[in-house]
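Peer 1: have a look at this prediction, sequence included:
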Amino acid sequence: MIKPIITEKSLKEAKLGRYTFRLSKSLNKQQIKNLIERLFGVNVKSVATMVSKKVEKRRLSGKKKVIMPFKKAVVTLKEGEKIDLFEAKK
C-alpha cells in the first residue's frame, strides 16, 4: 500500500525534489527505495521515514475517533528527476 500525501507543504517540498508518501508499516527503507524506483522509473537518492502513533480524539458530538498508526516516507530524488503525480496544475 502506497499513497502520495498531497498537502501545501508536500507540494512545496516536491519542487525541491522531496516527495512524501504514506505506506505500510512493514516496509523498510531499502524496500521503499526499490518500490518507488520501480513504480515511477526514477533514481532515489535517500529515504527518511517517520511512524505515527495511534491517536484517539473526540468529536464534537462526543464520539471517539481513532486515527490508526501509519508510516510516512520522504523520498529525495537525484537532480533533474521528478514525479509527475506531485505537479501542481496552474
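Peer 2: Noted; the coordinates are in hand.
Peer 1: now the chain, which segments are flagged as low pLDDT?
Peer 2: Across the chain, the ranges flagged by pLDDT under 70 are 88-90.
Peer 1: now the helices for it?
Peer 2: Under the criterion DSSP state H, the chain contains helices at 8-14, 29-40.
Peer 1: distance to Val66 and mean neighbour count added to these, as JSON lines?
Peer 2: No exception for glycine: its C-beta is placed from N, CA and C like everyone else's. Shown next, in JSON lines, are those (distance: least, Cβ to Cβ, whole Å; neighbours: other Cβ atoms under 10 Å):
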{"stretch": "helix 8-14", "distance to Val66": "24", "mean neighbour count": "14"}
{"stretch": "helix 29-40", "distance to Val66": "26", "mean neighbour count": "15"}
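Peer 1: go ahead and flag the most central residue of the protein.
Peer 2: Phe21 (1.4 Å; Cα atoms, centre = their mean).
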